[in-house]
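*Asks:* Mind looking at a prediction? Sequence and model below.
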Amino acid sequence: MERTNCDVKLNEKRRLGNRNRRFTFLEQELANSQGALLVDAADSSNIRLVRALYDALSARDSHAVLKLVASDLEWWFHGPPSCQFLKRLLTGESSASSSDSFEFVPLSVVSFGSTVIAEGCDAARSVAWVHAWTVTDGIITQVREYFNTSLTVTKIGDSDSDSDSCESEITPASSDSGRFPCVWESSVSNLAGKSVPGLVLAI
(Lines give C-alpha, C1' and ligand atoms only; values in the text may rest on other atoms or scores of the structure.)
Protein backbone atom coordinates (compact mmCIF):
# COMPACT_ATOMS: atom_id res chain seq x y z
CA MET A 1 0.00 0.00 0.00
CA GLU A 2 1.41 3.32 -1.00
CA ARG A 3 1.61 6.08 1.60
CA THR A 4 0.20 9.37 0.55
CA ASN A 5 1.57 12.74 1.51
CA CYS A 6 -1.45 13.15 3.79
CA ASP A 7 -0.63 9.88 5.66
CA VAL A 8 2.97 10.98 6.17
CA LYS A 9 1.83 14.33 7.58
CA LEU A 10 -0.71 12.61 9.86
CA ASN A 11 1.90 10.17 11.20
CA GLU A 12 4.35 13.03 11.73
CA LYS A 13 1.66 14.97 13.65
CA ARG A 14 0.96 11.94 15.88
CA ARG A 15 4.66 11.41 16.54
CA LEU A 16 5.13 15.08 17.45
CA GLY A 17 1.95 15.04 19.53
CA ASN A 18 3.19 12.06 21.55
CA ARG A 19 6.60 13.70 21.97
CA ASN A 20 4.97 16.96 23.11
CA ARG A 21 2.80 15.07 25.62
CA ARG A 22 5.94 13.37 26.99
CA PHE A 23 7.68 16.75 27.28
CA THR A 24 4.61 18.27 28.95
CA PHE A 25 4.51 15.35 31.40
CA LEU A 26 8.24 15.72 32.13
CA GLU A 27 7.85 19.49 32.58
CA GLN A 28 5.00 18.91 35.06
CA GLU A 29 7.05 16.33 36.97
CA LEU A 30 10.00 18.73 37.08
CA ALA A 31 7.77 21.57 38.27
CA ASN A 32 6.30 19.32 40.99
CA SER A 33 9.73 18.22 42.19
CA GLN A 34 11.00 21.82 42.16
CA GLY A 35 7.91 22.85 44.14
CA ALA A 36 8.65 20.11 46.65
CA LEU A 37 12.24 21.32 46.89
CA LEU A 38 11.02 24.86 47.52
CA VAL A 39 8.66 23.62 50.25
CA ASP A 40 11.49 21.58 51.79
CA ALA A 41 13.76 24.64 51.65
CA ALA A 42 11.08 26.77 53.32
CA ASP A 43 10.54 24.12 56.00
CA SER A 44 14.28 23.90 56.55
CA SER A 45 14.56 27.69 56.77
CA ASN A 46 11.70 27.82 59.29
CA ILE A 47 13.34 25.12 61.42
CA ARG A 48 16.66 27.02 61.39
CA LEU A 49 14.82 30.18 62.48
CA VAL A 50 13.14 28.42 65.41
CA ARG A 51 16.41 26.73 66.45
CA ALA A 52 18.11 30.15 66.35
CA LEU A 53 15.40 31.42 68.71
CA TYR A 54 16.06 28.60 71.19
CA ASP A 55 19.79 29.39 71.01
CA ALA A 56 19.07 33.07 71.68
CA LEU A 57 16.76 32.19 74.58
CA SER A 58 19.43 29.90 76.10
CA ALA A 59 22.03 32.65 75.78
CA ARG A 60 19.52 35.20 77.16
CA ASP A 61 20.35 37.29 74.07
CA SER A 62 17.40 39.70 73.93
CA HIS A 63 18.73 41.49 70.83
CA ALA A 64 18.77 38.24 68.84
CA VAL A 65 15.29 37.35 70.12
CA LEU A 66 13.95 40.73 68.95
CA LYS A 67 15.26 40.05 65.44
CA LEU A 68 13.52 36.67 65.25
CA VAL A 69 10.15 37.40 66.87
CA ALA A 70 7.44 39.84 65.76
CA SER A 71 6.88 42.75 68.13
CA ASP A 72 3.20 41.74 68.36
CA LEU A 73 3.84 38.01 68.88
CA GLU A 74 0.60 36.14 69.50
CA TRP A 75 1.07 33.75 72.44
CA TRP A 76 -1.33 30.99 73.50
CA PHE A 77 -0.73 28.86 76.58
CA HIS A 78 -2.17 25.58 77.85
CA GLY A 79 -0.90 24.20 81.13
CA PRO A 80 -0.31 25.17 84.75
CA PRO A 81 0.16 28.96 85.19
CA SER A 82 3.36 28.25 87.14
CA CYS A 83 4.86 26.88 83.89
CA GLN A 84 4.66 30.10 81.87
CA PHE A 85 8.46 30.13 81.54
CA LEU A 86 8.50 31.19 77.88
CA LYS A 87 6.39 34.26 78.60
CA ARG A 88 8.75 35.28 81.37
CA LEU A 89 11.76 34.76 79.09
CA LEU A 90 10.25 36.71 76.20
CA THR A 91 9.14 39.62 78.40
CA GLY A 92 12.36 39.76 80.40
CA GLU A 93 10.68 38.78 83.70
CA SER A 94 13.10 35.87 84.09
CA SER A 95 16.88 35.94 84.20
CA ALA A 96 19.43 33.14 84.11
CA SER A 97 20.16 33.58 87.80
CA SER A 98 16.54 33.57 89.00
CA SER A 99 15.20 30.50 90.75
CA ASP A 100 12.39 30.12 88.22
CA SER A 101 14.63 30.17 85.14
CA PHE A 102 13.91 27.43 82.64
CA GLU A 103 16.09 26.07 79.85
CA PHE A 104 14.22 25.16 76.67
CA VAL A 105 16.22 22.42 74.95
CA PRO A 106 14.19 20.96 72.09
CA LEU A 107 14.47 17.18 71.71
CA SER A 108 12.79 17.33 68.30
CA VAL A 109 11.84 20.05 65.81
CA VAL A 110 9.66 19.41 62.74
CA SER A 111 8.01 21.69 60.22
CA PHE A 112 4.72 21.59 58.36
CA GLY A 113 4.83 24.61 56.06
CA SER A 114 4.63 27.74 58.19
CA THR A 115 4.09 25.74 61.41
CA VAL A 116 7.16 24.51 63.28
CA ILE A 117 6.65 22.09 66.17
CA ALA A 118 9.29 21.71 68.90
CA GLU A 119 9.11 19.57 71.99
CA GLY A 120 11.23 18.87 75.02
CA CYS A 121 11.08 18.03 78.69
CA ASP A 122 12.62 18.84 82.03
CA ALA A 123 12.75 15.55 83.94
CA ALA A 124 13.87 17.27 87.15
CA ARG A 125 10.66 19.33 87.22
CA SER A 126 8.53 16.53 85.73
CA VAL A 127 7.31 18.73 82.89
CA ALA A 128 7.06 18.18 79.17
CA TRP A 129 6.48 21.02 76.73
CA VAL A 130 5.46 21.53 73.10
CA HIS A 131 5.72 24.76 71.13
CA ALA A 132 3.85 25.29 67.85
CA TRP A 133 5.49 28.29 66.17
CA THR A 134 4.06 30.12 63.16
CA VAL A 135 6.62 31.65 60.81
CA THR A 136 5.49 34.35 58.40
CA ASP A 137 7.89 35.96 55.93
CA GLY A 138 10.95 34.90 57.92
CA ILE A 139 9.72 36.09 61.33
CA ILE A 140 7.98 34.24 64.16
CA THR A 141 4.47 35.67 64.54
CA GLN A 142 2.72 33.19 66.83
CA VAL A 143 3.47 30.54 69.44
CA ARG A 144 1.14 28.02 70.99
CA GLU A 145 2.70 26.65 74.13
CA TYR A 146 1.62 23.42 75.81
CA PHE A 147 2.95 22.21 79.17
CA ASN A 148 2.19 18.71 80.42
CA THR A 149 -0.19 18.23 77.52
CA SER A 150 -0.17 15.49 74.92
CA LEU A 151 -0.50 17.19 71.55
CA THR A 152 -1.65 15.66 68.28
CA VAL A 153 -1.32 17.74 65.10
CA THR A 154 -3.73 17.13 62.24
CA LYS A 155 -3.73 18.73 58.82
CA ILE A 156 -6.88 20.18 57.31
CA GLY A 157 -6.64 20.85 53.60
CA ASP A 158 -3.69 22.75 52.16
CA SER A 159 -2.44 24.92 55.03
CA ASP A 160 0.10 26.70 52.81
CA SER A 161 -2.41 27.95 50.24
CA ASP A 162 -4.25 30.54 52.34
CA SER A 163 -2.90 30.60 55.86
CA ASP A 164 -4.56 33.91 56.76
CA SER A 165 -8.09 32.70 56.08
CA CYS A 166 -7.83 29.43 58.00
CA GLU A 167 -6.27 29.87 61.40
CA SER A 168 -5.26 26.91 63.54
CA GLU A 169 -7.80 25.85 66.10
CA ILE A 170 -7.40 23.96 69.35
CA THR A 171 -9.96 21.21 69.82
CA PRO A 172 -10.28 18.61 72.56
CA ALA A 173 -8.43 15.38 71.80
CA SER A 174 -11.64 13.42 72.37
CA SER A 175 -13.28 15.10 69.37
CA ASP A 176 -13.69 13.09 66.17
CA SER A 177 -10.39 13.88 64.47
CA GLY A 178 -10.48 10.64 62.47
CA ARG A 179 -11.47 12.58 59.35
CA PHE A 180 -8.17 14.46 59.30
CA PRO A 181 -4.75 12.84 59.00
CA CYS A 182 -2.52 12.92 62.05
CA VAL A 183 0.80 14.42 60.94
CA TRP A 184 2.56 14.59 64.30
CA GLU A 185 2.10 13.47 67.90
CA SER A 186 4.07 14.50 70.97
CA SER A 187 6.27 11.76 72.29
CA VAL A 188 7.70 13.23 75.50
CA SER A 189 4.46 14.02 77.36
CA ASN A 190 4.70 10.62 79.07
CA LEU A 191 8.05 11.69 80.57
CA ALA A 192 6.20 14.11 82.85
CA GLY A 193 5.53 11.12 85.12
CA LYS A 194 1.81 11.78 85.39
CA SER A 195 -1.37 11.60 83.38
CA VAL A 196 -1.72 14.63 81.11
CA PRO A 197 -4.60 16.00 79.07
CA GLY A 198 -4.59 15.61 75.29
CA LEU A 199 -5.37 18.22 72.66
CA VAL A 200 -5.56 18.26 68.89
CA LEU A 201 -4.03 21.16 66.94
CA ALA A 202 -5.46 21.52 63.44
CA ILE A 203 -3.21 23.23 60.92
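*Replies:* Received, thanks.
*Asks:* mind listing the strands for the protein?
*Replies:* Counting by DSSP state E, the chain has strands at residues 69-78, 108-112, 115-122, 127-136, 139-147, 150-154, 169-172, 182-185, 198-202.
*Asks:* Can you lay out these as CSV showing distance to L86 and mean neighbour count?
*Replies:* The C-beta positions use only the backbone N, C-alpha and C, and glycine is treated the same way. Below are these laid out as CSV (distance: least, CB to CB, whole Å; neighbours: other CB atoms under 10 Å):
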stretch, distance to L86, mean neighbour count
strand 69-78, 8, 14
strand 108-112, 15, 17
strand 115-122, 11, 22
strand 127-136, 7, 24
strand 139-147, 5, 20
strand 150-154, 15, 21
strand 169-172, 17, 12
strand 182-185, 20, 16
strand 198-202, 17, 20
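*Asks:* Just put those in JSON lines and tack on distance to L53 and mean pLDDT.
*Replies:* Shown next, in JSON lines, are the strands of the chain (distance: least, CB to CB, whole Å; pLDDT from 0 to 100):
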{"stretch": "strand 69-78", "distance to L53": "7", "mean pLDDT": "94"}
{"stretch": "strand 108-112", "distance to L53": "11", "mean pLDDT": "92"}
{"stretch": "strand 115-122", "distance to L53": "9", "mean pLDDT": "93"}
{"stretch": "strand 127-136", "distance to L53": "8", "mean pLDDT": "94"}
{"stretch": "strand 139-147", "distance to L53": "6", "mean pLDDT": "95"}
{"stretch": "strand 150-154", "distance to L53": "19", "mean pLDDT": "88"}
{"stretch": "strand 169-172", "distance to L53": "22", "mean pLDDT": "46"}
{"stretch": "strand 182-185", "distance to L53": "19", "mean pLDDT": "85"}
{"stretch": "strand 198-202", "distance to L53": "19", "mean pLDDT": "84"}
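*Asks:* can you tell which of these is closest to Y54?
*Replies:* Of all these, strand 115-122 sits nearest to Y54, with 7.2 Å by CB to CB.
*Asks:* Between strand 127-136 and that closest one, find me the angle.
*Replies:* Orientation of strand 115-122 against strand 127-136 (axes from the mean of the first three to the mean of the last three CA atoms, to 10 degrees) gives an angle of 160 degrees.
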